[in-house]
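Q: turn this into a structure:
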Amino acid sequence: MSLFSWFNTPAATDAIQLLTHDHDTFKDLLSQINDTTERARAKRKRLFDALRTLLIAHELIEERILYPALEKHAKAKDIVLEGYQEHHVADLLLAELRTLPVTSPDWGPKVHVMGEGIEHHLKEEERKMFPKARSILSVPDLMKLGTRMAKRRGTLLAKHAKSKAEASGGGRKAPARTAPARKAAARAAKR
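A: Residues are numbered from 1 along each chain as shown. Here you go, the predicted structure:
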């Protein structure tokens, strides 16, 4: 079982349901990160690493599968282009945070700003992009996209877990789940 196998949603889900599930997980992880203090260094790092990995996989499946399917349609082109830019801004902050010690006085405020940007992006998708996607794409098309996205995300997360395990222990298997990941998955499942 890969480190992030808990993040997989059932294969028989449409693209919008899959992405909305991801969004709930991100909101929960951001909340947990914001609830930490500078003294909770290890927890902050674990939570941030989980968020970063999951966000990258999420962005990739959106940008390589959903966005191309939508940007062909005039009704969705502008919101898709905005989505690409919001991903870019999040990536810049993720890169800065990855190199910034979690004990830095700038770490908490930077995470907060990144979280606000991510939450804005999630709302835009849920309120504007996803309804447009449902009006443009048929249910079978959304199901096909959801299946492709779930498979691709699973592959990305498995590769990440494998490379992380190899980097930390010479090829040992990755642990099943981190405690923060289990908690985030449980909270997201309750929503």
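
Q: which helix or strand contains the spatially most central residue of the chain?
A: Per Cα atoms, centre = their mean, the C-alpha nearest to the average position across the chain is that of L55, at 2.8 Å. Here L55, judged by DSSP states H and E, is contained in helix 41-61.

Q: name the helices or strands packed onto the helix or strand following that helix?
A: Moving toward the C-terminus from helix 41-61, the first helix or strand encountered (DSSP H and E) is helix 67-71. Counting contacts by 3 or more Cβ pairs under 8 Å, 6 or more residues apart in numbering; DSSP states H and E, helix 67-71 packs against helix 74-99, helix 130-136. Bear in mind the C-beta positions are built from the backbone N, C-alpha and C, glycine included.

Q: would you mind finding the most buried of those?
A: The highest average neighbour count among the helices and strands packed on helix 67-71, using mean count of other Cβ atoms under 10 Å, belongs to helix 130-136 at a mean of 16.

Q: which stretches of this structure have low pLDDT?
A: The chain contains residues with pLDDT under 70 at 1-12, 169-191.

Q: can you list the helices and strands that the helix holding L55 packs against?
A: Against helix 41-61 (3+ Cβ pairs under 8 Å, 6+ apart) you get helix 15-34, helix 74-99, helix 107-124, helix 139-169, helix 179-190.

Q: L60: which of the ones you listed is closest?
A: Closest approach to L60 among these is made by helix 139-169 (6.2 Å; Cβ to Cβ).

Q: off-centre distance for the closest one?
A: 11 Å (Cα atoms, centre = their mean, to the nearest Å).

Q: just the angle for it relative to helix 41-61, thanks.
A: 140 degrees (axes from the mean of the first three to the mean of the last three Cα atoms, to 10 degrees).

Q: what's the angle between helix 139-169 and helix 15-34?
A: 40 degrees.

Q: buried residues of helix 139-169, list them for me.
A: Applying a neighbour-count criterion of 16 or more other Cβ atoms under 10 Å, one finds 142-150, 153-154, 156-158, 160-161, 164-165 buried in helix 139-169.

Q: now swap in stretch 101-119 and tell me
A: Applying 16+ other Cβ under 10 Å to stretch 101-119 flags V102, W107, G108, V111, M114, G115, I118 as buried.

Q: so who does the last one touch?
A: With contact set as Cβ atoms under 8 Å, 6 or more residues apart in numbering, I118 has these partners: F26, L30, L55, A90.
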